[in-house]
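Engineer: Mind looking at a prediction? Sequence and model below.
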Amino acid sequence: MTMVRALMIERENTTVFHDIEPSPMGEGQVRIAVRHVGLCGSDLNTFKGLNPLVELPRIPGHEIGGEIIETGAAVDPAYQPGKRVIVMPYTNCGNCSSCRKGRLNACRYNKTLGVQQNGGLADEIVLPAEKVILNDTLKPLHLALVEPLSVGFHAVERGRVAKGDRVAVIGCGMIGMGAVIAAASRGAEVIAIDPSEQKRELAKRFGAAHALPSGAEELVKAVYDLTDGDGVDVAFEAVGLPQTFTQAVDLACFAGRVVYVGYSKAPVTYQTQFFNLKELDIMGSRNATMADFRSVISYLESAGDTPDLLVSRVVPFTEAESALPYWDSHRDALKVVISR
């Protein structure tokens, strides 16, 4: 039996290749040859020992594009070997309150690939066919961009962004960039906020009308100056720091909306009177739905080669041990993708 080569985060700051047994394939499942894996901030946090959802050792990777190599019994004939695919890396139990409401992305017992279970940074992976989206139209590299962008698209859907809204996106990593793209595509005026000049300029390439450096009082004033003294209709937090959590409330206008996509690893202290005085809608946003994936696919299919700009570095699979250390020392990098 041929062993499967996989990259494993063994312990803090240590990634090592391992040969593991191939997964058995059951009814309704497909075996996928992994071609591209994007590294997520959650993978970097796991590498740094900062992800409380992960028990080490762990195979990272949930932003996956690949190709079907084998199908199990009772799989739709459309899922043929050789078909390119995008992976939905979440699970759903079908029974919890979220699932009963049809919000499968927020399943109470979700186990995301690379987080609560081993991920896709390996030669191959076996998954239920229902978690695989067939796509032979996108560039193979772009298949791995769908999942992270879809998280930003889902946040914009949660925030009910509409044409004419003024929107602030705090944090222009890949998820924040997805929020920029989705909000701009709906006709919103987007203010992108990030400490990196490189990411700010990229956000403008992808639809932001304004781009501001991160800050405190200076930033709030700049946003209010851009919005006629009102603040933004929707503020998206995509960083995960206490100061950006409270800043989102500061930036929102009266009767505005706040959407939290990041989550803070430290407690957050609020002046809660602004929740009431502004009568804010404050929402969390988690993962993405099939509809969000479809929206991102449609966007990418119309975007030509432009999404290549979102990829900072492509690392061959044989050199994958160096990928997370590279990203840790080059935090301006937007997206590092492992390719084979």
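Structural biologist: Ah, there it is.

Engineer: Need the per-residue pLDDT for the most centrally placed residue in the chain.
Structural biologist: Nearest to the mean C-alpha position of the chain, counting by Cα atoms, centre = their mean, stands P148 at 2.7 Å. Listed pLDDT for P148 reads 98.

Engineer: Could I get the full set of helices for the stretch 1-150 of the chain?
Structural biologist: Taking DSSP state H, counting those that start in this stretch, the helices of the stretch 1-150 of the chain run over residues 41-47, 97-100, 140-143, 146-158.

Engineer: deepest of these, which one?
Structural biologist: Greatest average neighbour count among the helices of the stretch 1-150 of the chain goes to helix 146-158 (a mean of 26), per mean count of other Cβ atoms under 10 Å. Glycine gets a C-beta too; all of them are placed from N, C-alpha and C.

Engineer: Centre of the chain to that helix, how far?
Structural biologist: How far helix 146-158 lies from its chain's middle: 7 Å, per Cα atoms, centre = their mean, to the nearest Å.

Engineer: Quick one: list the elements packing against it.
Structural biologist: Applying 3 or more Cβ pairs under 8 Å, 6 or more residues apart in numbering; DSSP states H and E, we find helix 146-158 packed against strand 63-71, strand 84-87, helix 174-185, helix 290-302.

Engineer: Next up, the contacts around G82.
Structural biologist: Residues in contact with G82 (Cβ atoms under 8 Å, 6 or more residues apart in numbering) are E67, I68.

Engineer: domains in the chain, as residue ranges please.
Structural biologist: Split into domains by automatic domain parsing, the chain comes to 4-145+311-339, 152-284.

Engineer: Would you convert those domains into CSV that also reports distance to E301 and mean pLDDT?
Structural biologist: As requested, the domains of the chain are exported to CSV (distance: least, Cβ to Cβ, whole Å; pLDDT from 0 to 100):
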stretch, distance to E301, mean pLDDT
domain 4-145+311-339, 6, 97
domain 152-284, 13, 96
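
Engineer: Distance to A291 added to these, as CSV?
Structural biologist: Listed next are these as CSV, based on distance: least, Cβ to Cβ, whole Å:
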stretch, distance to A291
domain 4-145+311-339, 10
domain 152-284, 8
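
Engineer: Nearest to M290, out of those domains?
Structural biologist: Across the domains of the chain, M290 has its closest neighbour in domain 4-145+311-339 (7.0 Å, Cβ to Cβ).

Engineer: can you tell me the distance between the two ends of that closest one?
Structural biologist: Counting by Cα to Cα, to the nearest Å, you get 16 Å between the two ends of domain 4-145+311-339.

Engineer: cool, and stretch 273-288?
Structural biologist: Taking Cα to Cα as the measure, stretch 273-288 stretches 31 Å from start to finish.

Engineer: 47 is where my numbering starts, stick with that
Structural biologist: Understood, numbering begins at 47; the last thing we discussed is stretch 319-334.

Engineer: and it, which residues are buried?
Structural biologist: For stretch 319-334, the neighbour count (16 or more other Cβ atoms under 10 Å) marks K324, L326, D327, I328, S331, R332, N333, A334 as buried.
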